[in-house]
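# Sequence and predicted structure, then a few things I'm wondering about:
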Amino acid sequence: MRHHNTWLGDPVRALLALNQNKLIKRDNLMENVVSTAAQLRQGLEEISSDYPQWVQDVRGMGTCLAFSTEEEAMRPTLLSALKANGVYQNFCGPTGIRLRPNLYFTERHATMYLDILRNTVKSL
């Protein structure tokens, strides 16, 4: 008899989810997301105020955030510049750039990301 399906509902995945949830609770990762998300969103909004052509329409929930560039042709330029500065960035839609960090992404990481993003758009 098989105990799994297309949607990964087998006993191994259930055990993995149970242990993952224990780690999230033990390490206070949800509290970390709340504080990190506030810092990250505020920083993106500040960069958006200073460089609206590169960072605009900041949106999302928690640390799963996104922003857009003013024009579709600008996004590859920003993504290439970020990559040259050590940040591999995901994208979505024609102008969107998204952030989906793991739960261990802390305020220290947010500061590093925001500094790199600000310096990158400043140099473009």
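Right, received. Where do you want to start? Residues are numbered from 1 along each chain as shown.
# Pull up the per-residue confidence for the residue most central in space within the chain.
Geometric centre of the chain, nearest residue: L99, 1.9 Å, by CA atoms, centre = their mean. pLDDT recorded at L99 is 96.
# residue contacts, it?
Contact partners of L99, counting by CB atoms under 8 Å, 6 or more residues apart in numbering, are 40, 60, 63-66, 89-90, 113. C-beta here means a position set from N, CA and C on the backbone, and glycine is covered the same way.
# wait, which of those residues is closest to I24?
The closest of these to I24 turns out to be T63 (CB to CB; 13.6 Å).
# which residue sits closest to the closest one, ignoring its sequence neighbours?
For T63, ignoring the flanking residues on the chain, the nearest one in space by CB to CB, 6 or more residues apart in numbering is A37 at 4.8 Å.
# got a list of what that neighbour touches?
Listed by CB under 8 Å, 6+ apart, the contact partners of A37 are 61-63, 65.
# quick one: it from A66, how far?
13 Å (CB to CB, to the nearest Å).
# Now do the shared contacts for the two.
By CB under 8 Å, 6+ apart, no residue touches both A37 and A66.
# Grab the CA positions of stretch 31-44 and hand them over as CSV.
The C-alpha trace of stretch 31-44 is given here as CSV (Å, rounded to 0.1, in the frame of the first residue of the first chain):
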residue,chain,number,x,y,z
GLU,A,31,8.6,37.1,16.3
ASN,A,32,11.8,37.5,14.3
VAL,A,33,9.8,37.9,11.1
VAL,A,34,7.6,40.6,12.7
SER,A,35,10.5,42.8,13.8
THR,A,36,12.6,42.1,10.7
ALA,A,37,9.6,42.8,8.4
ALA,A,38,9.0,46.2,10.0
GLN,A,39,12.6,47.2,9.5
LEU,A,40,12.8,45.9,5.9
ARG,A,41,9.5,47.6,4.8
GLN,A,42,10.5,50.9,6.4
GLY,A,43,13.9,50.8,4.7
LEU,A,44,12.3,50.0,1.3
